[in-house]
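> Sequence plus predicted model, see below.
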Amino acid sequence: ETGVTQTPRHLVMGMTNKKSLKCEQHLGHNAMYWYKQSAKKPLELMFVYNFKEQTENNSVPSRFSPECPNSSHLFLHLHTLQPEDSALYLCASSQAVTGGGTDTQYFGPGTRLTVL
Amino acid sequence: GENVEQHPSTLSVQEGDSAVIKCTYSDSASNYFPWYKQELGKRPQLIIDIRSNVGEKKDQRIAVTLNKTAKHFSLHITETQPEDSAVYFCAASGGSSASKIIFGSGTRLSIRP
């Protein structure tokens, strides 16, 4: 359960704030993912990084900006969010993305984000 | 793009009975199909997966079947137990974009004692 960690666990922010979510994996993986989980769309892929390169942006609004400085760390920078962005943001990692697709993903505990 | 449909959205079964959850996918190039279980307040965890070169895979009380022609796959849980109560997600990956993984909308499974 400690293989993928996320901070903070809870975040409340105003629409004009700038904040960042952090994810760290201790599994030696090379692929990292950001997901949004809400009642409307239970598990919605946002971004994928494979060997530090962004390989997927699932039409995410520019107010969400990911950063992957190395294979162990993933950030999601937030600015001028909307109330509808309130959700649980999950990070995950997997060994790597290959031609055969993704493989087993290990999820972090998530950050519960509330936008006022 | 890929679309994954999952049914039913809720399922209630008597303890000891079997549960079946079905998913269909649209991208015929998809080749990896995992199933995740998410208990209340916890993170999703992989319970079983199958690749397109296999038709069926079993792990104790859990089995997954894949029909590539019909583009559907199913999760079967036998001899259900209270701890099987959770939300189950299917997913499809490795289609037109190798790094894209699309999840179904989830099935809330309840086991009645």
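That came through, no problem.

> Spell out which parts of chain A neighbour chain B.
Counting by Cβ under 8 Å from any Cβ of the partner chain, chain A comes close to chain B at A:31, A:33, A:41-45, A:48, A:50, A:55-56, A:58, A:90, A:97-105, A:107-110. Quick note: C-beta positions are derived from backbone N, CA and C, even for glycine.

> Now, of those, which are buried?
Among the residues of chain A next to chain B, those buried by neighbour count (16 or more other Cβ atoms under 10 Å in any protein chain shown) are A:31, A:33, A:42-45, A:48, A:50, A:56, A:58, A:90, A:97, A:101-103, A:105, A:107-110.

> Those in strands, which ones?
If you go by DSSP state E, these have A:Ala31, A:Tyr33, A:Glu44, A:Leu45, A:Val48, A:Asn50, A:Glu56, A:Leu90, A:Phe107 in strands.

> Let me have those residues in TSV, extended by pLDDT and distance to A:His77.
Output for these, formatted as TSV (pLDDT from 0 to 100; distance: Cβ to Cβ, whole Å):
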residue	pLDDT	distance to A:His77
A:Ala31	95	20
A:Tyr33	96	16
A:Glu44	93	18
A:Leu45	93	18
A:Val48	95	17
A:Asn50	93	20
A:Glu56	90	17
A:Leu90	98	17
A:Phe107	96	21
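
> Among those, which pair sits farthest apart?
For those, the maximum inter-member distance is 19.0 Å, found between A:Glu44 and A:Asn50 (Cβ to Cβ).

> Can you tell me which residue of chain A sits closest to chain B?
A:Gly101 (2.2 Å; Cβ to the nearest Cβ).

> Which residue is the nearest non-sequential neighbour of B:Gly95?
In this structure, B:Gly95 finds its nearest non-sequential neighbour in B:Asp27, 3.5 Å apart by Cβ to Cβ, 6 or more residues apart in numbering or on different chains.

> Actually, B:Ile77.
Distances taken as Cβ to Cβ, 6+ apart place B:Ala19 nearest to B:Ile77, at 4.5 Å, with adjacent residues excluded.

> pLDDT score assigned to that neighbour?
What the model reports for B:Ala19 is a pLDDT of 98.

> Which SSE is immediately downstream of the lowest-mean-pLDDT helix or strand in chain A?
Lowest by mean pLDDT, DSSP states H and E among the helices and strands of chain A is strand A:53-57, with a mean of 92. Counting by DSSP states H and E, the next helix or strand C-terminal to strand A:53-57 is strand A:64-70.

> Note down every partner strand of that next one and its orientation.
Sheet pairing for strand A:64-70, assigned by DSSP bridges, gives strand A:73-79 (antiparallel).

> quick one: the partner strand to chain centroid distance?
Centre-to-centre, strand A:73-79 and its host chain are 7 Å apart (Cα atoms, centre = their mean, to the nearest Å).

> Tell me which residues touch the residue nearest the centre of chain A, please.
By Cα atoms, centre = their mean, chain A has its centre lying nearest to A:Trp34, at 2.6 Å. A:Trp34 makes contact with A:Cys23, A:Leu45, A:Met46, A:Phe47, A:Pro66, A:Leu74, A:Leu76, A:Tyr89, A:Leu90, A:Cys91, according to Cβ atoms under 8 Å, 6 or more residues apart in numbering or on different chains.

> For stretch B:6-15, give me every contacting residue.
B:19, B:21-23, B:80-82, B:89-90, B:104-113.
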